[in-house]
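1. Generate coordinates for the sequence data below:
(chains A, B, C and D)
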2 protein chains.
Amino acid sequence: MLDPVARVRRFNRAVTSEVGALDNSFLGRGRPLGVARVLNAIGHGHTEVSSIRDYLGLDSGLMSRLLRGLEEEGLIETFSHPQDARRRIVRLTEIGQSEFDAYEALSNHQARTLLVRHSQPEELLRAMDLVASAFGRDRIAIKETDPRSSEARYCLGEYYAELARRFESGFEVSRSRDPASKDMMRPRGTFLVAASDGLPIGCVGLKGSGGDIAEVKRLWVAPSARGLGLARRLMTTVEKIALDLSIEKLRLDTNRALPEAQQLYRRTGWTEIDRFNDDPYPDTFFEKQLCPH
Amino acid sequence: MLDPVARVRRFNRAVTSEVGALDNSFLGRGRPLGVARVLNAIGHGHTEVSSIRDYLGLDSGLMSRLLRGLEEEGLIETFSHPQDARRRIVRLTEIGQSEFDAYEALSNHQARTLLVRHSQPEELLRAMDLVASAFGRDRIAIKETDPRSSEARYCLGEYYAELARRFESGFEVSRSRDPASKDMMRPRGTFLVAASDGLPIGCVGLKGSGGDIAEVKRLWVAPSARGLGLARRLMTTVEKIALDLSIEKLRLDTNRALPEAQQLYRRTGWTEIDRFNDDPYPDTFFEKQLCPH
DNA sequence: CAACTTACCTGACTATAGTCTGATATTATC
DNA sequence: GATAATATCAGACTATAGTCAGGTAAGTTG
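-> The predicted model follows:
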């Protein structure tokens, strides 16, 4: 009964019955699952038939019939694509939008009910985030983002909060050398955000100066996403982009209070160097020579 | 993106696709889901047709056809019930058993893969336990158990470990007054274990003396099951059983290091009294008069 | 022992999801 | 401008899951 495998299987049982039920929020509105899923995909912003087909993994014949059904119900309209008349564009009608809203409301209500019934919803959410990231690890997407975007600012906020917790002397951004956002955007540098199913769970910045040397900044992975190798993926990606930008050497500063990060750097070809700035927080400095090929 | 409801819905998306896949371990052996589920139910110990029907929520006609299918495949045998020839008993044949084992192996393998890929499997398991208990809260079953059973011993072990962590001076069972198991079994007392999908997640003991006064002992709820109101359920149940056993007054001892417990006692009609034993660990004592009706 | 209930079975029927083949219109390619 | 590729549509077909009405044999009750 303490066997880890048994515990995972118990989880699966508990969750299939409950989440299965959540999934069937698609039902309960007198529409079969298939049609409801298509309606939902459209409501969530898919506009092209082929993109819906890919997303839901449907046969083109089936897809076509489901669309005709929705059209006859007056929930959607279809047009041909202005640039390519073979492709079709799908859009919700007003009735369709309100049907979609009803599905959304149902789904939100069920989510809220779960939380309300629990006396420690924050803990439950943390656990759910962790499980969701573990399950969705293959779908974690890393994308270049404006460091002033809301996702980026969210990541940075969490990063600073974590530093404040972990540094003995606390942490205040204003006292640190905060890079200008232009330096962390193409063509000088970049800023990457990793997201799992839409939730930002990690970031890293590349602060360029226009020259052939740049600095890696703000490497952060959400607690719920640790153990998935995400930090390494972020670093690999940022190095690739640095090469792309003709940067030959990377540097970074860090702190002894972050041993996991230092371990990662040492394991991935970074070497410790002397202090190269007068920022009050870092106490350890690394560099890495990039080899272009 | 920090909206709790959105986080729950993200969890559901992540988990339906993954656990959906786990569920489909039923597939991949060339058998449709319905038949596979019946085979699994039989393998997990259901022997009567009606019990399988209840468990899986199947129509009797459908059930019958699924059974005929399995019979023709040579995976099961059916007999009539010796006491009641209308009822039917189902049993796996040797081939059926090995098919079932194959499903089990598949399912175990998928569970193991998930854990192996994670670098902090213990944390992942803890989060999964928490979520599973929250989702399965309506299926948490409290049952009377021999305090020497393996479930009971597991709960007690966890309970002692938690006391050792939370008491400043540590905790050793041998120094505490450990009740004789006979005193925590009918007709003198009882021992309750709460389980969610087979995993023990809480316990409580009622130590009787044969007289009309008894003591509540060993109230424990697993960390993953806190916030679900389980402690209260355990206490309510134990009080009901005490009344059943013609016990009129309950007592218990506890410690300031366990404030949640004390809060629960105060909220449910217990009043603090003077020390009534010389056990070295407790520092606070309660009693409750039971009113029979 | 007649009337009823229970547990299961059977056959006819339906809904949903999905496959496959081929048609049609449009665009891309040599 | 013929040929190929692409995107969708339409119709015929299948598998799975499920419902429903009625039937049968075994048990229960007054």
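
2. When you work out contacts or count neighbours from here on, use the C-alpha atoms and nothing else.
-> Will do.

3. Could you look up the SS state of the closest residue to residue A:179 other than its chain neighbours?
-> Spatial nearest neighbour of residue A:179, excluding adjacent residues (Cα to Cα, 6 or more residues apart in numbering or on different chains): residue A:207 at 7.0 Å. The three-state label given to residue A:207 by DSSP: H, G, I helix; E, B strand; the rest coil is strand.

4. Confirm for me that residue A:207 is in contact with residue A:186.
-> No: with contact defined as Cα atoms under 8 Å, residue A:207 does not reach residue A:186; the gap is 9.8 Å.

5. Just want to know which of the two has more residues nearby.
-> Per other Cα atoms under 10 Å in any protein chain shown, whichever of residue A:207 and residue A:186 has more neighbours is residue A:207, with 28 against 16.

6. any idea how far DNA strand D is from residue A:31?
-> Residue A:31 sits 15 Å away from DNA strand D, going by Cα to the nearest atom of the strand, to the nearest Å.

7. ok, now residue A:250?
-> From residue A:250 to DNA strand D the distance is 41 Å (Cα to the nearest atom of the strand).

8. Next: residue A:265.
-> Distance from residue A:265 to DNA strand D, by Cα to the nearest atom of the strand: 43 Å.

9. what's the answer for residue A:208, then?
-> Counting by Cα to the nearest atom of the strand, the gap from residue A:208 to DNA strand D is 39 Å.

10. that older thread, which ones are touching the residue nearest to residue A:179?
-> Shown in contact with residue A:207 (Cα atoms under 8 Å, 6 or more residues apart in numbering or on different chains): A:179, A:183, A:184, A:185, A:188, A:189, A:190, A:214, A:215, A:216, A:217.

11. Narrow those residues to just the buried residues.
-> A:183, A:184, A:185, A:188, A:189, A:190, A:214, A:215, A:216, A:217 (16 or more other Cα atoms under 10 Å in any protein chain shown).

12. now for those residues, which pair is the farthest apart?
-> Pairwise distances across the buried ones among the contacts of residue A:207 peak at 13.7 Å for A:188 and A:217 (criterion: Cα to Cα).

13. which regions of chain A sit below the pLDDT cut-off?
-> A:1-2, A:22, A:24-25, A:27, A:292-293 (pLDDT under 70).

14. rerun at 90
-> A:1-30, A:106-111, A:113-114, A:119-120, A:135-139, A:168-170, A:172-181, A:197-199, A:210-211, A:291-293 (pLDDT under 90).

15. any idea how it splits into domains?
-> Structural domains annotated on chain A: A:4-117, A:138-289, as defined by automatic domain parsing.

16. What's the end-to-end length of the longest one?
-> With Cα to Cα, to the nearest Å as the measure, the first residue of domain A:138-289 is 30 Å from its last.

17. That one: how far from the chain's middle?
-> 16 Å (Cα atoms, centre = their mean, to the nearest Å).

18. What distance do you get for the spatially most central residue of chain A to residue A:165?
-> Geometric centre of chain A, nearest residue: residue A:195, 0.6 Å, by Cα atoms, centre = their mean. Going from residue A:195 to residue A:165 by Cα to Cα gives 23 Å.

19. Which stretches in the stretch 1-150 of chain A count as helices?
-> A:4-23, A:33-43, A:49-56, A:60-72, A:94-117, A:121-135, A:150-166 (DSSP state H, counting those that start in this stretch).

20. Pick the most buried one from those.
-> helix A:121-135 (a mean of 22; mean count of other Cα atoms under 10 Å in any protein chain shown).

21. Just the C-alphas of it, formatted as CSV.
-> Extracted C-alpha coordinates of helix A:121-135, given in CSV (Å, rounded to 0.1, in the frame of the first residue of the first chain):
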residue,chain,number,x,y,z
PRO,A,121,-7.1,25.5,-1.7
GLU,A,122,-3.6,27.1,-2.1
GLU,A,123,-2.0,23.8,-1.2
LEU,A,124,-4.3,21.9,-3.5
LEU,A,125,-3.5,24.3,-6.3
ARG,A,126,0.3,23.9,-5.7
ALA,A,127,-0.1,20.1,-5.9
MET,A,128,-2.2,20.3,-9.0
ASP,A,129,0.3,22.6,-10.7
LEU,A,130,3.1,20.2,-9.9
VAL,A,131,1.2,17.2,-11.3
ALA,A,132,0.1,19.1,-14.3
SER,A,133,3.6,20.2,-15.2
ALA,A,134,4.9,16.6,-14.7
PHE,A,135,2.2,15.2,-16.9
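
22. For the stretch 151-293 of chain A, what lies in contact range of DNA strand C?
-> Within the stretch 151-293 of chain A, no position is near DNA strand C by Cα under 7 Å from any atom of the strand.

23. ok so, going back, including distance to residue B:7, could the helices of the stretch 1-150 of chain A go into a markdown table?
-> Converted to a markdown table, those look like this (distance: least, Cα to Cα, whole Å):
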| stretch | distance to residue B:7 |
| --- | --- |
| helix A:4-23 | 14 |
| helix A:33-43 | 18 |
| helix A:49-56 | 21 |
| helix A:60-72 | 29 |
| helix A:94-117 | 9 |
| helix A:121-135 | 7 |
| helix A:150-166 | 15 |
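
24. what would the ones you listed look like in CSV with distance to chain B?
-> Formatted as CSV, the helices of the stretch 1-150 of chain A follow (distance: least, Cα to the nearest Cα, whole Å):
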stretch, distance to chain B
helix A:4-23, 5
helix A:33-43, 13
helix A:49-56, 11
helix A:60-72, 20
helix A:94-117, 6
helix A:121-135, 4
helix A:150-166, 8
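
25. Those: which one's closest to residue A:247?
-> Checking the helices of the stretch 1-150 of chain A against residue A:247 by Cα to Cα gives helix A:150-166 as the closest, at 23.1 Å.

26. Packing partners of the closest one?
-> strand A:190-196, strand A:199-208, strand A:213-221 (3 or more Cα pairs under 8 Å, 6 or more residues apart in numbering or on different chains; DSSP states H and E).

27. got the angle between that helix and strand A:199-208?
-> For helix A:150-166 against strand A:199-208, the angle by axes from the mean of the first three to the mean of the last three Cα atoms, to 10 degrees is 90 degrees.

28. what does helix A:150-166 rub up against?
-> Applying Cα under 8 Å, 6+ apart, the set of residues contacting helix A:150-166 is A:145-147, A:170-173, A:193, A:200-203, A:218, A:220, A:222, A:257-258.

29. Recalculate using a threshold of 7 Å.
-> A:147, A:170, A:171, A:193, A:200, A:202, A:203, A:220, A:257 (Cα atoms under 7 Å, 6 or more residues apart in numbering or on different chains).
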